[in-house]
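Participant: one predicted model, sequence on top.
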Amino acid sequence: MQKPKVIVILGPTATGKSNLAVKIALRLSSGQAKKAGINGAEVISADSRQVYKGLDIGTGKITTKEMKGIFHHLIDVVDPKRKFTVAKYQKKAIYAMAEIVKKGKTPIICGGTGFYIDAITKGTVFPKVPPNLKLRKALYSKSAIALFEYLKKLDPRRAKDIKNKNELNNKVRLVRAIEIAKALGKVPKLQSDTNSAMAESVSPYKFIKIGLYLPTDILKKKIEKRVKKMFADGLLNEIKKLKKFGISEKRLKEFGFEYDSPTYKKVVKETIKYTKRQMTWFKRDKEIKWFDASKKINLKKLI
RNA sequence: GCGUCGGUGGUGGAGUGGUCUAUCACAGGAGACUGUAAAUCUCCCGCCCUCGGGCUUCGUAGGUUCGAAUCCUACCCGGCGCA
């Protein structure tokens, strides 16, 4: 039996992913598509911040109007006071995918969080050790060197791995490794496979990855426009509302630079930097078919 | 015109006789990524390169010195003060 298709639309911020996703979904829902036996499509967002309710303007969340009747999953599914994680995302997204396919529809994963996309398209297996905030807090007070030495005792293999990856100063990584090692004895070997052939053989779906990119100068202009609109739409007001709702300054910082006393200049600058990091992530996935978003994209070719 | 302060790598800005291709930050480039991922972390960033080193830089031109981004002289440029 043929595997169900899942369309993945990814790429850096401000390249028009959401738009394209809706366009494709509409196409798959048309009368013509129905005649061809296609039952429509639903979008699954792959954005680490759009899952939160109330983070609308700053995250560039798609509006109901822009959805044009296409159902969007994994948007506004958590209270911003609660912490969300990749593993939770993975669970929900895989469930959503199955539900959509069950309805005979095509899932369209759309977003810019590479880690989240890989979690569902590459079958990453996260060690089943939930965050231990108390332990983390205690560990963070220690130096990176001390953490590394501690990890070396608990799990030499993962310690060596971290050293090889030049992450000796990466407390986030060290702390999580210790957290897992303490719970399981050691950190399981990474099961997610960057080897796409392997991942594909295991996955029940056939992923079609479409990457949108823009030439640097155009991307910059689009980001400027987007940020300008954010402020015009009331970003500052959104932050006020979040504070009133009981979101702390510290928590706001975790939501990214748009929520940390933003200025136009700062947000533009940080967004550009971020898009570069996004590209670093996406570049290593050779499965992605890239399209210049400043040019007309032939949808027929894509699906 | 006189006086005075200053001119440093793409930018800001340290350095004021040797350890200086010159701290640091930003910008730029490359990369990592095991439940925080717009997070977190690493490397490169004058030129050449066999990656060990080789070569040329601190407004310009001279000079002092074993040795100068650092001291002296002249000139050019900019700020300020007095005329």
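Facilitator: Looks like it arrived, so ask away.
Participant: enumerate the residues of the stretch 1-150 of chain A near RNA strand B.
Facilitator: With Cβ under 7 Å from any atom of the strand as the criterion, the stretch 1-150 of chain A meets RNA strand B at residues A:13, A:47-49, A:58-60, A:83-88, A:112-116, A:124, A:126-131, A:136, A:140. All C-beta atoms are positioned from the backbone trio N, CA, C, and that covers glycine.
Participant: pLDDT weak spots in chain A?
Facilitator: When residues are selected by pLDDT under 70, those of chain A lie in A:191-201.
Participant: repeat the analysis, applying 50 as the threshold.
Facilitator: Scanning chain A with the threshold set as pLDDT under 50 gives no residue ranges.
Participant: doesn't residue A:207 lie inside a helix?
Facilitator: No - counting by DSSP: H, G, I helix; E, B strand; the rest coil, residue A:207 falls outside a helix, being strand.
Participant: drop anything exposed from the residues of the stretch 1-150 of chain A next to RNA strand B.
Facilitator: Neighbour-count burial (16 or more other Cβ atoms under 10 Å) applied to these gives A:13, A:47-49, A:58-60, A:84, A:86-88, A:112-114, A:116, A:124, A:126-127, A:129.
Participant: residues contacting residue A:136?
Facilitator: A:175, A:179 (Cβ atoms under 8 Å, 6 or more residues apart in numbering).
Participant: next SSE after the helix or strand harbouring it?
Facilitator: Taking DSSP states H and E as the definition, one finds residue A:136 inside helix A:133-140. Downstream of helix A:133-140, the next assigned helix or strand under DSSP H and E is helix A:144-154.
Participant: quick one: residues in contact with that next one.
Facilitator: Against helix A:144-154 from outside (Cβ under 8 Å, 6+ apart): A:139, A:142, A:158-159, A:162-163, A:168-171, A:174-175, A:177-178, A:181-182, A:186.
Participant: next one: that helix to chain centre, how far?
Facilitator: 30 Å (Cα atoms, centre = their mean, to the nearest Å).
Participant: repeat that for stretch A:218-237.
Facilitator: Distance of stretch A:218-237 from its chain centroid, counting by Cα atoms, centre = their mean, is 21 Å.
Participant: check stretch A:78-97 too.
Facilitator: 11 Å.
Participant: how about stretch A:69-89?
Facilitator: Relative to the chain's own centre, stretch A:69-89 is displaced by 11 Å; criterion: Cα atoms, centre = their mean.
Participant: just checking, residue A:101 touches residue A:107?
Facilitator: Yes - counting by Cβ atoms under 8 Å, residue A:101 does reach residue A:107; the two are 6.6 Å apart.
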